[in-house]
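# Sequence and computational prediction follow.
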Amino acid sequence: MRDEVEPGVSGEPGLSASSACLSEGRSGPSVSPDDTSEDDPGPDEENPVDSEFMCNPNESSVEILERLYVSVATVISAEADNEQTDEYSTAEHTANTVNLEDYAHELVFLPDLTEALATELDYSASNVRHPELSLNLQEKMVRVLKQHEKIMISSGNALPPPAYGVVCDIDVQGHPPIKQKARRLPLRHLKKLYELLKGLLKAGLVSFSTSPWASPIVIVLKKNGVDIRLCIDYKMVNAVTAIMEYAMPLVDDLLTDLEKYLWYCSLDAASGFWAIMMTRRARQISAFVCALGHFEWLRMPFGLKNAPMIYQRIIDNALWGFVQPKGGWKHYAALMQSAEGRDRALREKSSADADASTGVTKFDADLRASRAEGSVAELVNSPIADMFTNGEADASTLTPVFERRSFVDDICFGGESFEDCLGTLDRLLARFEECRISISFTKSIFVQSKVDFLSHEVSRAGIRTDPKKLKAITELSFPRSKKGMQSFLGALNYYSRFIQGFAVYGAALYQVKDEDFAPGGDLSAARRSFSTLQQKVAEAPIPRHFSRDLPVHATLFANEWAVSTTLMQEHDGLMHPVRFCGRVLKDAEMNYHPAEKEVLALLQLLKVCYTQLAGRTIQVYTRFSTLEWVHKSKSLFGRATQFAVLLSPWHLIVQRVKEKDCTFAQLLQSTITSFVDLEDSLSPVTPPTRGSPGVRMDPQLLYARLPRDYVGYVISFDGSAKTEKHGGYGSCAWILWRLP
């Protein structure tokens with residue numbers, strides 16, 4: 001143990017466990033035993049804070065944290081009473097221009113840690129039982145789940161055991177340690193922070209640190225205004241970290257090829273990041289500082305730049321089976337379990353020595369157990385710990401489990417029958433047991449006709465927005481800052497596939513600036529657009545699953561500032577939307593001809609839905625002949641040449657929809673419902689397609705006569721909404737009235 005305070009770490013008391021006990025209670029920033037000042041109490045003077053910091057022979061690491069909490073609370077309370085900060089303040093404020101509410105959009109929250117309960121798994125819960133299944137099939141599924149109970153965790157965010165063959169290492173490319181000061185913390189949040197840290201210490205997720213690295217924490221209140229969420233500001237660490245090159249999956253790709261399934265499973269890996277052990281170097285770099293001390297992570301935390309890629313790679317390897325640890329999975333499992341057994345025996349012996357009053361305090365015992373190169377630590381830092389660096393070809397007979405990827409810890413798959421889906425689930429759980437990847441039992445949905453996946457509801461009928469997320473969006477108040485507006489647009493953009501004309505209605509929101517939220521700013525257009533989008537997402541249709549066996553149709557739309565496209569397929573004689581996509585036009589693109597804007601709309605569709613449309617014949621409906629001209633013309637110039645090159649790999653059948661064909665009857669047919677022989681039945685009231693405007697409409701048809709006692713609905717058509725172009729055909733408005 002060291003006999004002096006770790007110099008220049010963060011300016012907080014208890015920056016390391018050893019210095020907290022042996023610094024003789026000095027609570028000032030970066031103070032060594034030789035530093036003195038006129039205000040320092042002499043050796044005979046009583047200092048209540050210093051006396052609090054003296055070591056107790058029977059203290060554990062959690063008790064040290066409790067003592068620091070009381071001491072720091074006392075100092076912060078005294079500062080609040082005096083309304084000044086003395087030389088030995090326990091926290092130092094660092095200037096920051098980011099609002100607290102905006103940290104939710106920039107940093108990653110740590111999930112709430114829950115204790116791993118030893119209760120039995122509830123196999124009668126709704127995520128297991130399905131009312132459409134017979135009792136025999138339900139019992140069959142329960143037997144499969146019970147075979148793999150050892151990897152099931154009943155609590156939502158309980159600590160899982162370490163996964164096999166993977167570690168987290170952080171390469172800062174030789175950058176010197178970054179030591180940031182702790183940010184000031186209000187007294188009312190100190191106890192909540194203490195409870196969070198105490199839970200992390202008890203679970204073995206963190207330990208006290210003497211690392212030269214220190215990243216500050218950020219506290220954000222939950223919606224109840226009392227509880228807090230903890231996140232660590234790793235922005236400076238991430239800036240110097242070498243990025244791990246690994247392809248992350250796209251949500252759009254994961255939601256495709258689900259049309260053939262009738263039964264689905266959605267699995268959630270239990271606290272996935274915490275299943276990855278940290279190397280010695282990564283532990284040092286991950287250190288964070290707060291008012292209650294200096295800590296480092298023993299498991300991979302949230303917020304590190306490469307954390308998602310590290311975990312995505314281990315899940316992909318589990319599903320597909322590329323590599324395994326040297327000697328195989330069983331050999332590595334035996335090494336890990338043996339190391340864990342030796343460390344467990346060492347901790348029990350250290351605790352027994354402390355209880356026997358052998359001169360070793362509980363704090364010293366805990367500190368040695370966490371810092372000593374135990375068997376697990378030796379294995380984690382050995383060359384065989386990372387199978388992606390020193391592994392061998394996977395010889396497992398369980399892979400590939402199925403031909404899909406996951407999104408980090410969220411996994412969705414299905415089957416054409418119940419037995420097919422259950423068999424895939426059995427293989428997947430067996431593979432996860434081989435790799436020691438734990439599953440959250442309460443968050444997973446096993447063999448159901450409808451599951452939640454990536455904030456979407458997936459079923460046989462199609463894909464829809466998650467009702468809970470939908471309610472949160474529709475009840476959201478108008479943002480008070482540009483960052484808040486960006487957050488709203490980000491949430492809506494995630495569901496843009498369900499909103500027809502999203503870019504058209506959202507263009508006004510993309511144009512808002514910080515000055516618009518200042519007093520006197522004009523947000524009238526933005527507020528109208530905000531309300532319209534909330535209504536649109538509330539009324540969003542349920543797109544059908546994309547089918548590779550059906551023809552593909554696309555309709556294009558463009559206006560002065562945005563383009564939009566609808567991808568459709570025919571089901572039961574009707575066109576059903578599969579995907580909506582669009583974007584706001586750039587400044588230069590706003591000067592394009594409407595025909596060229598429709599080409600941009602088509603290019604956007606081909607980009608977004610590339611994996612679905614590649615190699616397919618696409619029927620495109622457009623108002624202009626530009627697309628036909630691009631394909632048929634023998635001489636092109638300007639932007640048309642660029643369009644021709646971009647569209648050359650695609651097989652397009654372009655059908656021009658002329659405005660003169662959009663008669664009143666066709667409008668009814670396309671916007672209300674389909675009728676047999678509708679045009680023949682409406683021929684008496686259908687405006688003629690030829691003749692002067694004065695003879696195209698019978699004036700007697702402008703008025704409808706109803707009896708006085710009529711009760712029901714009436715549709716009235718507003719002729720003033722028509723344009724002069726082409727006699728007004730194709731442009732009208734109607735109002736639905738309820739009488740009386």
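That came through fine.
# Number of residues surrounding Arg616?
Taking other Cβ atoms under 10 Å as the criterion, the count of residues near Arg616 is 12. All C-beta atoms are positioned from the backbone trio N, CA, C, and that covers glycine.
# got it, and the one 3 residues further on?
For Gln619, the number of neighbouring residues by other Cβ under 10 Å comes to 14.
# so what's it scoring on pLDDT?
Each residue has a pLDDT score; the one for Gln619 is 90.
# Name the residues of the helix or strand in which it is found that come out as buried.
The secondary structure element spanning Gln619 is strand 617-622 (assigned by DSSP states H and E). Of the residues in strand 617-622, those buried under the neighbour-count criterion (16 or more other Cβ atoms under 10 Å) are 618, 620-622.
# Stretch 174-194 now?
Neighbour-count burial for stretch 174-194 flags 178-185, 190, 192-194 (criterion: 16+ other Cβ under 10 Å).
# and what of stretch 220-231?
Using 16+ other Cβ under 10 Å as the test for burial, stretch 220-231 gives 228-231.
# Okay, now it: how far is its last residue from its first?
Between the start and the finish of stretch 220-231 there is a gap of 8 Å, counting by Cα to Cα, to the nearest Å.
# Toward the C-terminus from the helix or strand hosting Met141, list the very next helix or strand.
Element membership for Met141 (DSSP H and E) is helix 135-147. Secondary structure here is assigned by DSSP H and E; on that basis, the next helix or strand after helix 135-147 toward the C-terminus is strand 152-153.
# what is the rounded mean pLDDT of that following strand?
For strand 152-153, the mean per-residue pLDDT is 89.
# Show me what it is packed against.
strand 439-440 (3 or more Cβ pairs under 8 Å, 6 or more residues apart in numbering; DSSP states H and E).
# Average pLDDT for the next helix-or-strand element following the strand it packs on, rounded please.
Toward the C-terminus, strand 439-440 is succeeded by strand 445-448 as the next helix or strand (DSSP H and E). Averaged across strand 445-448, the pLDDT comes to 92.
# Quickly run through the sheet partners of strand 445-448, with directions.
Each strand paired with strand 445-448, and its direction, by DSSP bridges: strand 263-268 (antiparallel).
# one step back: as PDB, could you dump the C-alpha coordinates of the helix holding Met141?
Listed next in PDB are the C-alpha coordinates belonging to helix 135-147 (Å, rounded to 0.1, in the frame of the first residue of the first chain):
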ATOM      1  CA  LEU A 135     -51.100 -27.500 -23.200                       C
ATOM      2  CA  ASN A 136     -48.800 -30.100 -24.800                       C
ATOM      3  CA  LEU A 137     -46.900 -27.500 -26.900                       C
ATOM      4  CA  GLN A 138     -46.600 -25.200 -23.900                       C
ATOM      5  CA  GLU A 139     -45.100 -27.900 -21.800                       C
ATOM      6  CA  LYS A 140     -42.700 -28.800 -24.600                       C
ATOM      7  CA  MET A 141     -41.400 -25.200 -24.700                       C
ATOM      8  CA  VAL A 142     -41.000 -25.200 -20.900                       C
ATOM      9  CA  ARG A 143     -38.900 -28.300 -21.100                       C
ATOM     10  CA  VAL A 144     -36.600 -26.700 -23.600                       C
ATOM     11  CA  LEU A 145     -36.200 -23.600 -21.400                       C
ATOM     12  CA  LYS A 146     -35.500 -25.600 -18.300                       C
ATOM     13  CA  GLN A 147     -32.700 -27.400 -20.100                       C
END
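# Now do the buried residues in it.
Within helix 135-147, the residues scored as buried using 16+ other Cβ under 10 Å are 138, 141-142, 144-145.
# Look at Pro519 and report its pLDDT.
Model confidence at Pro519, expressed as pLDDT, equals 86.
# returning to what we had before: can you tell me which of the buried residues of helix 135-147 lies closest to Glu340?
Closest approach to Glu340 among those (Cβ to Cβ): Leu145, at 25.3 Å.
# Now do stretch 407-427: everything it contacts.
For stretch 407-427, the surrounding residues in contact (Cβ atoms under 8 Å, 6 or more residues apart in numbering) are 133, 137, 140-141, 144, 147, 249, 251, 254, 258, 260-269, 272, 308, 311-312, 315, 319, 398, 401-402, 404, 406, 428, 446-447, 451, 453-454, 458.
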